[in-house]
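Asker: Here is my input, please return the structure:
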Amino acid sequence: MASDVLVHVTRGNMVECVHRGSIAVVDSDGKLLYGKGEPAMYSYLRSSAKPVQAIPVVESGAVDHFQLTEKELAIFCASHSGEAQHTETVFSILKKIGLEESALECGTHMPIHMATTKAMIEAGQKSTSVHCNCSGKHSGMLTYAMYKKYELPGYTEPEHPVQKAALKEIAYMSGLHEDQVVCGVDGCGVVVFGIPIYNMALMFARLADPDRLPESKAAAAKRITAAMMKYPEMIGGTGRLCTDLMAKTGGKLFAKSGAEGVYTVGIPGKKIGIALKIDDGSSRGVGCVIIEVLKQLDILDADEMEALKNHHWIIQKNHRGDTVGEIKPVFELSTMGGLQ
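Answerer: The predicted structure is shown next:
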């Protein structure tokens, strides 16, 4: 089975580009309900792993020990835009756990939020580690390391207990053995995990139906997803898909982007998880595919579709502001089976 065409990018009356990919919709029993393309294909989770990477931090007692807030817990799961609301939250975590910004080993880049980047450039300000979109995740890993009294330098390395705990959690929540998880190095220096798209969806289905998990893990999963839905602005930022999806649907779902065309969603009311991988890694078609999946599953009502329309059916404009084409979904979900 091969991937399918999911998105058309048009200019005038012609399809100028297509984006192919694969989709899996899985329930918490492990049944592959719907899909497209090749759900058995391996891909790296990238930042879609973050809500699961946060589980050991909560389950260990570290969050309560350092009296972290729900907002601070939410940013553990973020690929944030580097706005002031994000950097201030990361600094707050570091202060509570007794560390300086220099403890972060995530590297740096200018903020994703262009207005913030513009203001920094105009002020002659350089980016630092807190501006990295993964600084929230790293602050969570440091919280765990401080609570466990692990050595801090090298907490990003595969053999460090922090990364071993993350691998164990990813394997457990995705229904795999640790040796079935392919490991590499993520953009922020920590271990990145490769698993089948089906198992990505299963992982988010289990987050969406945590009562099936062991008690302490269930409690941690509930707190993490509740924090994401309560503070969606922490997960992405102004105008970002994750933030808008959660903010416009009022607790109906939790969502997390990953780099290279990966996206994952959990639907607590349906006890299902959704995972997407765009083959070419482009992000421009991700929103229209995810919202179309949610539409076809009858997750979103008319008002929610209207509120999210700019992510769903994207109007292409040229440099003069003329409408020249569209980015639109062109698939129907298929009933599938055989992977559970």
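Asker: Show the pLDDT at the closest residue in space to Glu157 that isn't next to it in sequence.
Answerer: The shortest distance from Glu157 to any non-neighbouring residue, by Cβ to Cβ, 6 or more residues apart in numbering, is to Gln163 (6.6 Å). C-beta here means a position set from N, CA and C on the backbone, and glycine is covered the same way. Note for Gln163: predicted pLDDT of 98.
Asker: Repeat that for Met336.
Answerer: Reported pLDDT for Met336: 72.
Asker: Check Gln340 too.
Answerer: Predicted confidence (pLDDT) for Gln340: 51.
Asker: one step back: packing partners for the strand or helix carrying the residue nearest to Glu157?
Answerer: Following DSSP states H and E, one finds Gln163 within helix 161-174. Counting by 3 or more Cβ pairs under 8 Å, 6 or more residues apart in numbering; DSSP states H and E, the packing neighbours recorded for helix 161-174 are helix 50-53, helix 55-59, helix 135-148, strand 191-196, helix 197-208.
Asker: tilt between that helix and helix 197-208?
Answerer: If you take axes from the mean of the first three to the mean of the last three Cα atoms, to 10 degrees, helix 161-174 sits at 90 degrees to helix 197-208.
Asker: shouldn't the residue nearest to Glu157 be in contact with Tyr150?
Answerer: No - taking contacts as Cβ atoms under 8 Å, Gln163 lies outside contact range of Tyr150: 10.6 Å.
Asker: List the buried residues for the longest strand seen in the chain?
Answerer: As assigned by DSSP state E, the longest strand anywhere in the chain is strand 14-27. Residues of strand 14-27 classed as buried: 19-27 (neighbour count, 16 or more other Cβ atoms under 10 Å).
Asker: which one of the helices and strands packed on helix 161-174 lies closest to Arg223?
Answerer: helix 55-59 (5.6 Å; Cβ to Cβ).
Asker: For the next helix or strand after the helix holding Gln163, which helices and strands make contact with it?
Answerer: With elements assigned by DSSP H and E, the helix or strand that comes after helix 161-174 is strand 182-185. Here strand 182-185 touches strand 42-44, strand 191-196, going by 3+ Cβ pairs under 8 Å, 6+ apart.
Asker: Repeat the analysis, applying 6 Å as the threshold.
Answerer: Packing partners of strand 182-185 (3 or more Cβ pairs under 6 Å, 6 or more residues apart in numbering; DSSP states H and E): strand 191-196.
Asker: what about the strand it packs on, distance to the chain center?
Answerer: 13 Å (Cα atoms, centre = their mean, to the nearest Å).
Asker: Which of the three states applies to the most centrally placed residue in the chain?
Answerer: Among the residues of the chain, Lys256 comes closest to the average C-alpha position under Cα atoms, centre = their mean, at 2.4 Å. When classified by DSSP: H, G, I helix; E, B strand; the rest coil, Lys256 comes out as strand.
Asker: Now do it against Val181, distance only.
Answerer: Look at Lys256 and Val181: by Cβ to Cβ, to the nearest Å, they are 18 Å apart.
Asker: mind listing what Ala74 touches?
Answerer: If you count contacts by Cβ atoms under 6 Å, 6 or more residues apart in numbering, Ala74 has them with 227-228, 231, 234.
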